[in-house]
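Q: Got a sequence here, can you build the structure:
(one chain, ligands or ions: 1)
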Amino acid sequence: MRGVLGLGPAVLAAGLLLSSGGAIAASAEKGKAAFIQHGCWQCHGTEGQGGQAGARLAPEPMPLETFTAFVRTSNRTMPPYPEAVLSNEDLADIHAYLQAIPKRADYKDIPLLNQ
Ligand code: HEC
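A: I've put the predicted structure just below:
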């Protein structure tokens, strides 16, 4: 009985570590949903490729810190998104989604275009 009680806090701590680890790890899949849900796609295109109204965000998005700072404080054409509207977790997921978008092929690697 004593052994089981002694183990309790350790198991609890491990559980907390695991669950907070899960919260920190950004998910590109969830980010894609958040990118659509928060309307980013309407100005930036569904893959962040840029469009009529918004800048290109992917591939190779800016670092997460710069990205977050911009989204929170934007004061030109793009509306700012306060944390109450878009959580840091969702924003990190969106960043992970943009990071997961592959770079376009270089035309120099396409034989047909290099004859
Ligand atoms: C109403 C259109 C609109 C929406 C919606 C929008 N943006 Fe933007 N965004 C822009 C425009 C336009 C710019 C270029 C800077 C400016 O004029 O404000 C921009 C710039 C940015 C930049 C900086 C890009 C750079 O290279 O400087 C980031 C990052 C960004 N947007 C992320 C987002 C995210 C994430 C969302 C969704 C939560 C979003 N935007 C929603 C219009 C939009």
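Q: Within the helices and strands, which one has the closest residue to Ser27 other than its chain neighbours?
A: Residue nearest to Ser27 in three dimensions, not counting chain neighbours: Asp93, with 5.1 Å by CB to CB, 6 or more residues apart in numbering. Using the backbone N, CA and C atoms, a C-beta is placed for each residue, glycine as well. Under the criterion DSSP states H and E, the helix or strand holding Asp93 is helix 88-100.
Q: Is that helix positioned near the ligand?
A: Yes - counting by CB under 6 Å from any ligand atom, contacts between helix 88-100 and the ligand involve Ile94.
Q: So which residues make contact with that helix?
A: Applying CB atoms under 8 Å, 6 or more residues apart in numbering, the external contacts of helix 88-100 come out as 23, 26-32, 34-35, 38, 40, 48, 57-59, 61, 64, 67-68, 71, 81.
Q: I'd say Met78 and Leu57 touch.
A: No - with contact defined as CB atoms under 8 Å, Met78 does not count as touching Leu57 (10.9 Å).
Q: Looking at those two, which one has more neighbours?
A: For Met78 and Leu57, the more surrounded residue by other CB atoms under 10 Å is Leu57, and the numbers stand at 23 against 15.
Q: dump the residue contacts of the more buried one.
A: Residues 40, 44, 48, 50, 98 are the ones in contact with Leu57 under the rule CB under 8 Å, 6+ apart.
Q: Quick check: it vs the ligand, distance?
A: Applying CB to the nearest ligand atom, to the nearest Å, one obtains 6 Å for the distance of Leu57 from the ligand.
Q: got it, and Ser27?
A: When CB to the nearest ligand atom is applied, the distance between Ser27 and the ligand equals 15 Å.
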